[in-house]
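S.K.: compute the structure for the input listed below.
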Amino acid sequence: MSQTLTTQSTKAGDIKREWHLVDVKDKVLGRISTDIAKLLMGKGKPYFVRNLDCGDYVVVTNAKNIKVTGNKEEQKNYYRHSGYPGGFRQEKLGDLRERRPEEIVRHAVRGMLPQNRLRDKMLTRLRVFAGEEHEHGDKFKNA
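M.R.: Here you go, the predicted model:
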């Protein structure tokens, strides 16, 4: 008698979310952003499927001390537009690091997530802090 095997599809109730603490002090922006994006998507989980949000919570600390290679500190620009005429704004990486260092990491990770309806859900689980201190210390087993 032959047994038929069926593939079990992942349901939303099967997803278990964990908390990860990532210290980005003296790490290269692009290298660490790919690792953070994988955690947010849940790509390392055995039940990963692209049509569900399987990812974990990620807390990033020391965003002000992240490294970039080459001349990106002076040459890399961030653009935004208010939607009004003349509302185009441009800012260099060094200036953004002084003003809002969390946005550097958030922008890099956002660009590495899939461009679909799940991206905003995944980004809500990303918590970025400029320094060492954060309010999520009770979420980690070893902290």
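
S.K.: I'd like the distance between the closest residue to Val49 other than its chain neighbours and Lys16.
M.R.: Closest residue to Val49 apart from its sequence neighbours, by Cβ to Cβ, 6 or more residues apart in numbering: Thr10 at 4.8 Å. For glycine as for every other residue, the C-beta is placed from the backbone atoms N, C-alpha and C. In this structure, Thr10 and Lys16 are 11 Å apart, going by Cβ to Cβ, to the nearest Å.

S.K.: Pro114 now?
M.R.: Distance from Pro114 to Lys16, by Cβ to Cβ: 21 Å.

S.K.: quick one, strands of this protein?
M.R.: 19-23, 57-61, 77-81, 88-92, 126-128 (DSSP state E).

S.K.: show the average pLDDT along the last one.
M.R.: Think strand 126-128. Averaging pLDDT along strand 126-128 gives 96.

S.K.: that one packs against which elements?
M.R.: strand 57-61, helix 102-112 (3 or more Cβ pairs under 8 Å, 6 or more residues apart in numbering; DSSP states H and E).

S.K.: quick one, what contacts the residue most central in space within the chain?
M.R.: Per Cα atoms, centre = their mean, the C-alpha nearest to the average position across the chain is that of Val109, at 4.2 Å. Shown in contact with Val109 (Cβ atoms under 8 Å, 6 or more residues apart in numbering): 33, 36-37, 40, 123, 126.

S.K.: now rank the residues you listed by neighbours and give me the top one.
M.R.: Leu40 (27 neighbours; other Cβ atoms under 10 Å).

S.K.: tell me the contacts of it?
M.R.: 55-56, 58, 109, 113, 122-123, 125-126.

S.K.: what's the distance between the residue nearest to the centre of the chain and Gly13?
M.R.: 27 Å.

S.K.: cool, thanks, talk later.
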